[in-house]
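Student: No sequence on hand, only this structure:
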Ligand code: GDP
Ligand code: IMO
Ligand code: MG
(Lines give C-alpha, C1' and ligand atoms only; values in the text may rest on other atoms or scores of the structure.)
(Ligands and ions follow the chains in the order given, each with its own letter.)
Protein backbone atom coordinates (compact mmCIF):
# COMPACT_ATOMS: atom_id res chain seq x y z
CA UNK A 1 0.00 0.00 0.00
CA UNK A 2 1.66 3.26 -1.06
CA UNK A 3 1.01 5.30 2.10
CA UNK A 4 3.60 7.24 4.05
CA UNK A 5 3.37 9.34 7.21
CA UNK A 6 5.90 12.16 7.57
CA UNK A 7 6.05 13.65 11.05
CA UNK A 8 8.26 15.61 13.44
CA UNK A 9 10.26 13.66 16.00
CA UNK A 10 11.10 16.54 18.36
CA UNK A 11 9.15 19.67 19.40
CA UNK A 12 8.16 20.80 15.91
CA UNK A 13 9.94 22.97 13.33
CA UNK A 14 12.18 20.10 12.30
CA UNK A 15 11.89 21.15 8.65
CA UNK A 16 8.83 19.05 7.79
CA UNK A 17 7.65 21.63 5.25
CA UNK A 18 10.79 21.34 3.17
CA UNK A 19 10.84 17.54 3.36
CA UNK A 20 7.14 17.14 2.56
CA UNK A 21 7.55 19.49 -0.39
CA UNK A 22 10.51 17.38 -1.55
CA UNK A 23 8.65 14.06 -1.18
CA UNK A 24 5.34 15.38 -2.52
CA UNK A 25 6.73 15.18 -6.03
CA UNK A 26 6.36 11.41 -5.75
CA UNK A 27 2.90 11.47 -4.09
CA UNK A 28 -0.63 11.87 -5.47
CA UNK A 29 -2.32 13.04 -2.26
CA UNK A 30 -0.91 15.06 0.65
CA UNK A 31 -3.13 14.93 3.73
CA UNK A 32 -2.68 17.05 6.88
CA UNK A 33 -4.02 15.07 9.83
CA UNK A 34 -3.98 17.31 12.93
CA UNK A 35 -3.33 20.72 14.37
CA UNK A 36 -4.39 23.96 12.77
CA UNK A 37 -2.80 27.25 11.87
CA UNK A 38 -0.48 26.93 14.87
CA UNK A 39 1.82 25.20 12.36
CA UNK A 40 4.30 27.10 10.27
CA UNK A 41 5.78 24.98 7.48
CA UNK A 42 8.45 26.74 5.47
CA UNK A 43 9.58 25.83 1.99
CA UNK A 44 11.23 27.43 -0.98
CA UNK A 45 9.34 27.52 -4.26
CA UNK A 46 10.81 29.26 -7.31
CA UNK A 47 13.43 30.90 -5.06
CA UNK A 48 10.78 32.42 -2.81
CA UNK A 49 10.27 31.46 0.83
CA UNK A 50 6.70 30.42 1.70
CA UNK A 51 5.25 29.68 5.13
CA UNK A 52 2.13 27.51 5.11
CA UNK A 53 -0.06 27.26 8.19
CA UNK A 54 -2.98 25.08 7.16
CA UNK A 55 -2.60 24.03 3.55
CA UNK A 56 -0.38 20.95 3.07
CA UNK A 57 3.15 21.44 1.82
CA UNK A 58 2.39 19.53 -1.41
CA UNK A 59 0.34 22.39 -2.84
CA UNK A 60 3.21 23.74 -4.96
CA UNK A 61 2.94 20.83 -7.40
CA UNK A 62 -0.03 21.75 -9.62
CA UNK A 63 -1.33 18.22 -10.10
CA UNK A 64 -1.30 17.03 -6.48
CA UNK A 65 -4.42 16.78 -4.39
CA UNK A 66 -4.14 18.29 -0.88
CA UNK A 67 -6.51 17.58 1.98
CA UNK A 68 -7.18 18.70 5.54
CA UNK A 69 -8.57 15.64 7.32
CA UNK A 70 -11.13 15.63 10.13
CA UNK A 71 -8.54 15.86 12.92
CA UNK A 72 -7.46 19.33 11.80
CA UNK A 73 -9.07 22.42 13.35
CA UNK A 74 -9.85 24.99 10.70
CA UNK A 75 -10.01 28.75 11.17
CA UNK A 76 -11.97 29.67 8.00
CA UNK A 77 -10.67 33.22 8.03
CA UNK A 78 -7.08 32.05 8.16
CA UNK A 79 -7.77 29.44 5.47
CA UNK A 80 -9.27 32.07 3.19
CA UNK A 81 -6.26 34.33 3.67
CA UNK A 82 -3.89 31.47 2.86
CA UNK A 83 -5.79 30.51 -0.29
CA UNK A 84 -5.82 34.14 -1.48
CA UNK A 85 -2.12 34.51 -0.68
CA UNK A 86 -1.34 31.39 -2.72
CA UNK A 87 -3.48 32.48 -5.66
CA UNK A 88 -1.65 35.83 -5.70
CA UNK A 89 1.49 33.75 -6.13
CA UNK A 90 -0.13 31.82 -8.99
CA UNK A 91 -0.65 28.68 -6.92
CA UNK A 92 -4.25 27.69 -7.56
CA UNK A 93 -6.07 25.28 -5.28
CA UNK A 94 -9.42 24.88 -7.03
CA UNK A 95 -10.47 21.24 -7.56
CA UNK A 96 -7.38 19.91 -5.82
CA UNK A 97 -7.72 21.12 -2.27
CA UNK A 98 -10.38 19.72 0.06
CA UNK A 99 -11.34 19.82 3.71
CA UNK A 100 -13.02 17.14 5.79
CA UNK A 101 -16.67 17.78 6.65
CA UNK A 102 -16.14 16.53 10.20
CA UNK A 103 -13.17 18.78 10.92
CA UNK A 104 -13.88 21.35 13.63
CA UNK A 105 -14.18 25.06 12.97
CA UNK A 106 -11.98 27.41 14.97
CA UNK A 107 -13.89 30.58 15.88
CA UNK A 108 -12.82 33.99 17.24
CA UNK A 109 -13.84 33.08 20.82
CA UNK A 110 -11.29 30.23 20.75
CA UNK A 111 -8.54 32.70 19.96
CA UNK A 112 -9.78 35.15 22.61
CA UNK A 113 -9.79 32.43 25.29
CA UNK A 114 -6.34 31.16 24.26
CA UNK A 115 -5.06 34.73 24.68
CA UNK A 116 -6.75 35.15 28.06
CA UNK A 117 -5.06 32.00 29.40
CA UNK A 118 -1.71 32.91 27.88
CA UNK A 119 -1.84 36.32 29.54
CA UNK A 120 -2.34 34.69 32.92
CA UNK A 121 0.92 33.43 34.43
CA UNK A 122 -0.86 30.64 36.31
CA UNK A 123 -1.99 29.02 33.04
CA UNK A 124 0.54 30.19 30.45
CA UNK A 125 2.25 27.40 28.49
CA UNK A 126 3.52 29.52 25.61
CA UNK A 127 0.93 28.60 22.97
CA UNK A 128 0.79 30.17 19.54
CA UNK A 129 -2.38 32.03 20.68
CA UNK A 130 -4.22 30.80 17.60
CA UNK A 131 -7.06 29.26 19.61
CA UNK A 132 -6.03 25.65 19.03
CA UNK A 133 -6.46 24.35 22.61
CA UNK A 134 -9.88 25.97 23.19
CA UNK A 135 -11.15 24.63 19.84
CA UNK A 136 -10.11 21.04 20.65
CA UNK A 137 -11.55 21.57 24.13
CA UNK A 138 -14.97 22.33 22.61
CA UNK A 139 -14.66 19.25 20.40
CA UNK A 140 -14.03 17.03 23.43
CA UNK A 141 -16.74 18.83 25.40
CA UNK A 142 -19.09 18.01 22.50
CA UNK A 143 -20.05 21.60 21.84
CA UNK A 144 -17.77 22.11 18.84
CA UNK A 145 -18.98 23.24 15.43
CA UNK A 146 -17.87 21.04 12.56
CA UNK A 147 -17.42 22.07 8.94
CA UNK A 148 -20.67 20.31 8.04
CA UNK A 149 -22.50 22.22 10.79
CA UNK A 150 -20.96 25.49 9.64
CA UNK A 151 -22.44 24.96 6.18
CA UNK A 152 -25.99 24.68 7.55
CA UNK A 153 -27.49 28.19 7.51
CA UNK A 154 -30.10 27.71 10.19
CA UNK A 155 -28.09 26.23 13.01
CA UNK A 156 -24.98 28.40 13.28
CA UNK A 157 -26.56 31.22 15.29
CA UNK A 158 -28.11 28.77 17.77
CA UNK A 159 -24.85 26.91 18.22
CA UNK A 160 -22.75 30.00 18.88
CA UNK A 161 -25.41 31.46 21.15
CA UNK A 162 -25.18 28.36 23.37
CA UNK A 163 -21.39 28.38 23.21
CA UNK A 164 -21.18 32.04 24.16
CA UNK A 165 -23.33 31.31 27.21
CA UNK A 166 -21.02 28.42 28.13
CA UNK A 167 -18.08 30.83 27.88
CA UNK A 168 -19.90 33.82 29.36
CA UNK A 169 -18.07 33.81 32.69
CA UNK A 170 -14.58 34.02 31.26
CA UNK A 171 -15.53 36.38 28.42
CA UNK A 172 -17.42 38.82 30.65
CA UNK A 173 -14.67 38.70 33.30
CA UNK A 174 -12.27 39.81 30.59
CA UNK A 175 -14.60 42.54 29.38
CA UNK A 176 -15.33 40.97 25.99
CA UNK A 177 -18.42 42.39 24.33
CA UNK A 178 -20.17 39.10 23.54
CA UNK A 179 -23.00 40.77 21.63
CA UNK A 180 -20.59 42.45 19.22
CA UNK A 181 -18.60 39.24 18.95
CA UNK A 182 -21.71 37.26 18.05
CA UNK A 183 -22.76 39.83 15.46
CA UNK A 184 -19.33 39.74 13.86
CA UNK A 185 -19.35 35.92 13.75
CA UNK A 186 -22.77 35.85 12.08
CA UNK A 187 -21.66 38.31 9.41
CA UNK A 188 -18.43 36.39 8.79
CA UNK A 189 -20.25 33.07 8.73
CA UNK A 190 -22.33 34.18 5.74
CA UNK A 191 -19.20 35.04 3.77
CA UNK A 192 -16.88 32.29 4.96
CA UNK A 193 -19.33 29.38 4.73
CA UNK A 194 -19.89 30.25 1.05
CA UNK A 195 -16.14 30.50 0.57
CA UNK A 196 -15.29 27.10 2.04
CA UNK A 197 -18.27 25.16 0.62
CA UNK A 198 -16.64 24.12 -2.69
CA UNK A 199 -13.72 22.60 -0.77
CA UNK A 200 -15.75 20.40 1.56
CA UNK A 201 -15.61 16.64 1.09
CA UNK A 202 -15.76 13.29 2.87
CA UNK A 203 -12.06 12.68 3.38
CA UNK A 204 -12.48 9.08 4.50
CA UNK A 205 -14.30 8.12 1.27
CA UNK A 206 -11.86 10.08 -0.88
CA UNK A 207 -8.83 8.39 0.67
CA UNK A 208 -10.45 4.93 0.61
CA UNK A 209 -11.04 5.34 -3.15
CA UNK A 210 -7.50 6.61 -3.66
CA UNK A 211 -6.03 3.65 -1.77
CA UNK A 212 -8.09 1.24 -3.90
CA UNK A 213 -6.61 2.86 -7.01
CA UNK A 214 -3.13 2.40 -5.55
CA UNK A 215 -2.57 6.17 -5.41
CA UNK A 216 0.39 7.39 -3.38
CA UNK A 217 -0.67 9.10 -0.19
CA UNK A 218 1.52 11.20 2.08
CA UNK A 219 0.14 12.04 5.52
CA UNK A 220 1.60 15.32 6.76
CA UNK A 221 2.17 15.79 10.47
CA UNK A 222 2.29 19.17 12.18
CA UNK A 223 4.15 20.02 15.41
CA UNK A 224 6.24 17.11 16.73
CA UNK A 225 5.95 13.92 18.78
CA UNK A 226 7.04 15.66 22.00
CA UNK A 227 4.11 18.06 21.59
CA UNK A 228 1.61 15.17 21.34
CA UNK A 229 -1.31 15.55 23.75
CA UNK A 230 -0.83 12.04 25.18
CA UNK A 231 2.86 11.32 24.72
CA UNK A 232 4.44 14.76 24.79
CA UNK A 233 5.83 16.83 27.66
CA UNK A 234 2.37 17.27 29.19
CA UNK A 235 1.01 19.84 30.00
CA UNK A 236 3.41 21.74 27.72
CA UNK A 237 1.98 20.18 24.59
CA UNK A 238 -0.43 21.02 21.81
CA UNK A 239 -4.00 19.71 21.95
CA UNK A 240 -3.93 17.08 19.21
CA UNK A 241 -2.33 13.72 18.51
CA UNK A 242 0.71 14.60 16.49
CA UNK A 243 1.99 11.02 16.46
CA UNK A 244 1.34 8.44 13.75
CA UNK A 245 -1.70 7.08 15.60
CA UNK A 246 -3.43 10.40 14.90
CA UNK A 247 -3.68 9.58 11.18
CA UNK A 248 -6.26 6.81 11.58
CA UNK A 249 -8.66 8.76 13.78
CA UNK A 250 -8.34 11.87 11.67
CA UNK A 251 -8.62 10.39 8.19
CA UNK A 252 -10.98 7.53 8.98
CA UNK A 253 -8.81 4.67 7.76
CA UNK A 254 -7.66 1.57 9.64
CA UNK A 255 -4.07 1.16 10.89
CA UNK A 256 -3.34 -1.66 8.44
CA UNK A 257 -3.64 0.89 5.63
CA UNK A 258 -0.46 2.63 6.77
CA UNK A 259 2.66 1.33 5.19
CA UNK A 260 5.55 3.50 6.24
CA UNK A 261 6.47 6.19 8.78
CA UNK A 262 9.26 8.66 8.18
CA UNK A 263 10.50 10.83 11.03
CA UNK A 264 12.00 14.27 10.51
CA UNK A 265 14.70 15.21 13.03
CA UNK A 266 16.76 18.37 13.19
CA UNK A 267 20.53 17.81 13.56
CA UNK A 268 20.18 19.61 16.91
CA UNK A 269 17.04 20.35 18.94
CA UNK A 270 14.75 23.36 19.21
CA UNK A 271 11.59 24.17 21.10
CA UNK A 272 9.25 27.20 21.17
CA UNK A 273 7.14 28.06 24.18
CA UNK A 274 7.40 26.90 27.78
CA UNK A 275 8.17 23.41 29.04
CA UNK A 276 11.03 21.09 29.92
CA UNK A 277 13.95 20.98 27.53
CA UNK A 278 16.82 18.95 28.99
CA UNK A 279 19.38 19.72 26.30
CA UNK A 280 18.72 23.48 26.20
CA UNK A 281 21.81 25.64 25.74
CA UNK A 282 22.05 29.04 27.38
CA UNK A 283 25.57 29.74 26.15
CA UNK A 284 27.29 30.96 22.98
CA UNK A 285 26.64 27.67 21.16
CA UNK A 286 22.88 28.04 21.69
CA UNK A 287 23.12 31.52 20.20
CA UNK A 288 25.21 30.26 17.25
CA UNK A 289 22.60 27.59 16.47
CA UNK A 290 19.81 30.18 16.69
CA UNK A 291 21.61 32.53 14.32
CA UNK A 292 22.84 29.91 11.82
CA UNK A 293 19.55 28.04 11.84
CA UNK A 294 17.49 31.27 11.81
CA UNK A 295 15.61 29.76 14.70
CA UNK A 296 12.68 32.12 15.02
CA UNK A 297 9.09 30.80 15.01
CA UNK A 298 7.53 30.61 11.53
CA UNK A 299 4.12 31.40 13.08
CA UNK A 300 4.83 33.62 16.09
CA UNK A 301 8.38 34.89 15.30
CA UNK A 302 9.44 33.97 18.86
CA UNK A 303 13.12 33.00 19.23
CA UNK A 304 13.34 29.22 19.43
CA UNK A 305 15.17 27.66 22.35
CA UNK A 306 18.15 25.67 21.03
CA UNK A 307 20.05 22.63 22.30
CA UNK A 308 22.11 19.60 21.31
CA UNK A 309 20.67 16.52 19.61
CA UNK A 310 18.72 14.45 22.13
CA UNK A 311 18.85 10.73 21.39
CA UNK A 312 16.50 9.96 24.30
CA UNK A 313 13.81 12.07 22.62
CA UNK A 314 14.28 10.79 19.08
CA UNK A 315 14.49 7.13 20.16
CA UNK A 316 11.22 7.66 22.06
CA UNK A 317 9.67 9.13 18.90
CA UNK A 318 10.87 6.17 16.87
CA UNK A 319 9.12 3.80 19.29
CA UNK A 320 5.78 5.58 19.67
CA UNK A 321 5.45 6.19 15.92
CA UNK A 322 7.03 3.00 14.61
CA UNK A 323 9.37 5.16 12.54
CA UNK A 324 11.25 3.07 10.02
CA UNK A 325 13.73 5.69 8.90
CA UNK A 326 14.70 9.30 9.49
CA UNK A 327 15.52 12.48 7.64
CA UNK A 328 18.11 14.65 9.34
CA UNK A 329 17.69 18.36 8.60
CA UNK A 330 19.80 21.48 9.05
CA UNK A 331 23.13 19.69 9.29
CA UNK A 332 24.64 22.73 7.54
CA UNK A 333 23.75 24.88 10.57
CA UNK A 334 26.22 22.91 12.73
CA UNK A 335 29.20 23.79 10.56
CA UNK A 336 31.97 25.59 12.42
CA UNK A 337 31.18 24.24 15.89
CA UNK A 338 34.38 22.83 17.43
CA UNK A 339 32.91 20.15 19.67
CA UNK A 340 29.49 18.60 19.08
CA UNK A 341 27.61 17.01 21.95
CA UNK A 342 24.99 14.29 21.76
CA UNK A 343 22.66 13.62 24.69
CA UNK A 344 22.52 9.85 25.20
CA UNK A 345 20.71 9.67 28.56
CA UNK A 346 19.30 11.81 31.40
CA UNK A 347 20.45 11.82 35.00
CA UNK A 348 18.16 12.62 37.91
CA UNK A 349 18.92 11.90 41.58
CA UNK A 350 21.57 9.29 40.71
CA UNK A 351 19.24 7.49 38.32
CA UNK A 352 20.08 7.20 34.66
CA UNK A 353 17.18 7.42 32.20
CA UNK A 354 17.67 5.96 28.74
CA UNK A 355 13.92 5.97 28.02
CA UNK A 356 12.08 9.28 27.93
CA UNK A 357 10.61 9.83 31.43
CA UNK A 358 6.87 10.53 31.83
CA UNK A 359 7.27 12.28 35.18
CA UNK A 360 7.06 16.06 34.87
CA UNK A 361 9.52 16.40 37.77
CA UNK A 362 12.12 14.22 36.07
CA UNK A 363 11.52 16.01 32.76
CA UNK A 364 12.07 19.33 34.49
CA UNK A 365 15.10 18.58 36.63
CA UNK A 366 16.97 15.84 34.76
CA UNK A 367 20.38 16.80 33.40
CA UNK A 368 21.79 15.52 30.13
CA UNK A 369 24.48 12.86 29.85
CA UNK A 370 26.58 13.83 26.86
CA UNK A 371 28.96 12.18 24.44
CA UNK A 372 31.33 14.49 22.60
CA UNK A 373 32.53 14.42 19.02
CA UNK A 374 34.77 16.72 17.01
CA UNK A 375 32.84 19.14 14.81
CA UNK A 376 33.35 19.95 11.12
CA UNK A 377 34.75 23.15 9.66
CA UNK A 378 33.95 22.94 5.95
CA UNK A 379 30.70 24.38 4.60
CA UNK A 380 28.18 21.85 3.27
CA UNK A 381 26.85 24.07 0.49
CA UNK A 382 26.28 22.22 -2.76
CA UNK A 383 27.05 18.76 -1.37
CA UNK A 384 24.66 16.10 -2.66
CA UNK A 385 26.74 13.02 -1.97
CA UNK A 386 27.28 11.53 1.48
CA UNK A 387 30.90 10.65 0.75
CA UNK A 388 31.61 14.32 -0.02
CA UNK A 389 30.60 15.42 3.47
CA UNK A 390 33.47 16.30 5.83
CA UNK A 391 34.66 13.20 7.67
CA UNK A 392 33.46 14.50 11.06
CA UNK A 393 30.00 15.22 9.69
CA UNK A 394 29.84 11.62 8.41
CA UNK A 395 31.02 10.36 11.80
CA UNK A 396 28.28 12.39 13.50
CA UNK A 397 25.59 10.91 11.22
CA UNK A 398 26.87 7.36 11.69
CA UNK A 399 26.96 7.80 15.46
CA UNK A 400 23.36 9.09 15.48
CA UNK A 401 22.20 6.15 13.37
CA UNK A 402 23.89 3.76 15.78
CA UNK A 403 22.46 5.43 18.90
CA UNK A 404 18.92 5.86 17.58
CA UNK A 405 18.77 2.42 15.99
CA UNK A 406 17.08 3.32 12.69
CA UNK A 407 18.68 4.45 9.45
CA UNK A 408 18.92 8.07 8.34
CA UNK A 409 17.97 8.02 4.67
CA UNK A 410 18.04 11.69 3.76
CA UNK A 411 20.17 14.59 4.99
CA UNK A 412 19.03 18.14 4.38
CA UNK A 413 21.80 20.73 4.05
CA UNK A 414 19.86 23.84 3.04
CA UNK A 415 16.39 25.33 2.61
CA UNK A 416 15.89 24.47 -1.03
CA UNK A 417 14.47 21.26 -2.50
CA UNK A 418 17.75 20.39 -4.15
CA UNK A 419 19.83 20.82 -1.01
CA UNK A 420 19.48 17.23 0.06
CA UNK A 421 21.67 14.13 0.27
CA UNK A 422 20.14 10.72 -0.43
CA UNK A 423 21.82 7.89 1.44
CA UNK A 424 20.36 5.29 -0.86
CA UNK A 425 17.75 5.04 -3.57
CA UNK A 426 14.64 4.57 -1.52
CA UNK A 427 11.20 3.86 -2.88
CA UNK A 428 9.07 6.01 -0.54
CA UNK A 429 5.71 4.73 -1.74
P1 LIG B 1 8.45 22.76 10.05
O2 LIG B 1 7.45 23.43 10.93
O3 LIG B 1 8.88 21.44 10.56
O4 LIG B 1 8.02 22.72 8.62
O5 LIG B 1 9.75 23.69 10.11
P6 LIG B 1 9.79 25.30 10.01
O7 LIG B 1 9.48 25.71 8.63
O8 LIG B 1 8.99 25.91 11.10
O9 LIG B 1 11.30 25.55 10.42
C10 LIG B 1 12.35 25.02 9.68
C11 LIG B 1 13.22 26.16 9.17
O12 LIG B 1 14.45 25.64 8.73
C13 LIG B 1 12.65 26.89 7.99
O14 LIG B 1 13.07 28.21 8.03
C15 LIG B 1 13.27 26.18 6.78
O16 LIG B 1 13.37 27.02 5.64
C17 LIG B 1 14.63 25.86 7.32
N18 LIG B 1 15.26 24.63 6.82
C19 LIG B 1 14.70 23.42 6.59
N20 LIG B 1 15.64 22.51 6.28
C21 LIG B 1 16.81 23.18 6.31
C22 LIG B 1 18.18 22.78 6.13
O23 LIG B 1 18.50 21.63 5.88
N24 LIG B 1 19.13 23.75 6.30
C25 LIG B 1 18.82 25.04 6.61
N26 LIG B 1 19.79 25.92 6.75
N27 LIG B 1 17.55 25.44 6.79
C28 LIG B 1 16.57 24.51 6.66
P1 IMO C 1 5.06 23.17 13.28
O2 IMO C 1 4.02 22.34 12.56
C3 IMO C 1 6.74 24.35 17.11
C4 IMO C 1 3.92 24.73 20.44
C5 IMO C 1 3.69 26.11 21.02
C6 IMO C 1 3.41 25.73 22.47
C7 IMO C 1 2.63 24.43 22.33
C8 IMO C 1 1.11 24.62 22.41
O9 IMO C 1 5.47 24.38 12.56
O10 IMO C 1 6.19 22.30 13.71
P11 IMO C 1 -0.66 25.54 20.65
O12 IMO C 1 -0.77 26.89 20.00
O13 IMO C 1 -0.52 24.41 19.71
O14 IMO C 1 -1.75 25.31 21.67
O15 IMO C 1 0.71 25.64 21.52
O16 IMO C 1 2.96 23.90 21.06
N17 IMO C 1 3.70 24.64 18.97
C18 IMO C 1 4.67 24.51 18.08
N19 IMO C 1 6.02 24.52 18.23
N20 IMO C 1 6.20 24.15 15.89
C21 IMO C 1 4.86 24.09 15.73
O22 IMO C 1 4.28 23.71 14.58
C23 IMO C 1 4.03 24.34 16.84
N24 IMO C 1 2.70 24.39 17.03
C25 IMO C 1 2.51 24.56 18.33
O26 IMO C 1 4.84 26.92 20.90
O27 IMO C 1 4.61 25.42 23.11
MG1 MG D 1 7.19 25.22 11.95
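Tutor: Happy to help now that I have it. Keep in mind the model is a prediction, meaning the values are calculated, not measured. Ligands and ions are numbered 1, 2, ... in the order given.

Student: so residue 247 sits right up against residue 219, yeah?
Tutor: Yes - counting by Cβ atoms under 8 Å, residue 247 touches residue 219, with 4.8 Å between them. In short, each C-beta sits where N, CA and C put it, glycine included.

Student: Mutual contacts of those two, please.
Tutor: Residues touching both residue 247 and residue 219 by Cβ atoms under 8 Å, 6 or more residues apart in numbering: 5, 33, 258.

Student: list the contacts for the last one?
Tutor: Residues in contact with residue 258 (Cβ under 8 Å, 6+ apart) are 1, 3, 5, 219, 244, 247, 248.

Student: Let's see that with 7 Å instead.
Tutor: Listed by Cβ atoms under 7 Å, 6 or more residues apart in numbering, the contact set of residue 258 reads 3, 5, 247.

Student: Residue 236 versus the residue of the stretch 301-429 of the chain found nearest ligand 3, what's the distance?
Tutor: Closest to ligand 3 within the stretch 301-429 of the chain is residue 304: 9.3 Å, counting by Cβ to the ion. Residue 304 is 14 Å from residue 236, where distance means Cβ to Cβ, to the nearest Å.

Student: on that earlier part again, filter the contacts of residue 258 to the buried ones?
Tutor: Among the contacts of residue 258, the ones that count as buried by 16 or more other Cβ atoms under 10 Å are 3, 5, 247.

Student: Could you verify my assumption that the first one touches residue 217?
Tutor: Read that as residue 3. Yes - Residue 3 is within contact range of residue 217, at 4.7 Å (criterion: Cβ atoms under 7 Å).

Student: so where is the stretch 1-150 of the chain shaky, pLDDT-wise?
Tutor: Residues of the stretch 1-150 of the chain meeting the criterion pLDDT under 70: none.

Student: what's the following helix or strand after the strand of greatest length in the chain?
Tutor: Ranked by number of residues, the top strand in the chain under DSSP state E is strand 339-348. Going down the chain from strand 339-348, the next helix or strand is strand 351-353, by DSSP states H and E.

Student: re the thing from before, between the contacts of residue 258, which is closest to ligand 1?
Tutor: residue 5 (14.1 Å; Cβ to the nearest ligand atom).

Student: I'd assumed residue 290 was in a helix, is it?
Tutor: Yes - assignment of residue 290 by DSSP: H, G, I helix; E, B strand; the rest coil places it within a helix.

Student: Once you drop chain neighbours, what's closest to it?
Tutor: Excluding the flanking residues, the one nearest residue 290 by Cβ to Cβ, 6 or more residues apart in numbering is residue 306, at 5.1 Å.

Student: In which helix or strand does that neighbour reside?
Tutor: With DSSP H and E as the criterion, residue 306 is inside strand 305-307.

Student: Now do the domain split for this protein, please.
Tutor: Domain assignment for the chain, taken from automatic domain parsing, gives 3-99+199-260, 104-196, 264-422.

Student: Is the first one positioned near ligand 2?
Tutor: Yes - when contact is scored as Cβ under 6 Å from any ligand atom, part of domain 3-99+199-260 falls within range of ligand 2: 8, 11-13, 38-41, 222-224, 227, 236, 238-239.

Student: Secondary structure for the shared contacts of residue 247 and residue 219 - can I get that in a markdown table?
Tutor: Output for these, formatted as a markdown table (three-state DSSP):
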| residue | secondary structure |
| --- | --- |
| 5 | strand |
| 33 | coil |
| 258 | coil |
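
Student: ok, these vs residue 399, which is closest?
Tutor: Residue 399 lies nearest to residue 5 out of these, by Cβ to Cβ, at 26.1 Å.

Student: Identify the bridge partners of that closest one.
Tutor: Beta-bridge partners for residue 5, by DSSP bridges, are residue 219, residue 261.

Student: Report the contact partners of it.
Tutor: Per Cβ under 7 Å, 6+ apart, neighbours of residue 5: 219, 221, 244, 247, 258, 261, 262.

Student: most surrounded residue in these?
Tutor: Highest neighbour count within the contacts of residue 5: residue 221, with 33 neighbours (other Cβ atoms under 10 Å).

Student: any idea how far it is from ligand 1?
Tutor: 9 Å (Cβ to the nearest ligand atom, to the nearest Å).

Student: Would you confirm that that residue contacts residue 4?
Tutor: No - if you go by Cβ under 7 Å, residue 221 and residue 4 don't touch, sitting 11.1 Å apart.

Student: Give me the helices and strands touching whatever helix or strand residue 30 lives in, please.
Tutor: Counting by DSSP H and E, the element that carries residue 30 is strand 29-32. Under the contact criterion of 3 or more Cβ pairs under 7 Å, 6 or more residues apart in numbering; DSSP states H and E, strand 29-32 touches strand 65-68, strand 217-220.

Student: buried set for the last one?
Tutor: Put plainly, it is strand 217-220. 217, 218, 219, 220.

Student: just these now: which is nearest ligand 3?
Tutor: Nearest to ligand 3 among these, with distances taken as Cβ to the ion, is residue 220, at 12.0 Å.

Student: if we can go back for a sec, the strand holding residue 306 near ligand 1 at all?
Tutor: No - with Cβ under 6 Å from any ligand atom as the criterion, ligand 1 is not reached by strand 305-307; the gap is at least 12.3 Å.

Student: can you tell me the average pLDDT over that strand?
Tutor: For strand 305-307, mean pLDDT rounds to 98.

Student: Check stretch 255-269 too.
Tutor: 97.

Student: Just the terminal-to-terminal distance for that stretch.
Tutor: 30 Å (Cα to Cα, to the nearest Å).

Student: Tell me the buried residues in it?
Tutor: Using 16+ other Cβ under 10 Å as the test for burial, stretch 255-269 gives 258, 260, 261, 262, 263, 264, 265, 266, 267, 268, 269.
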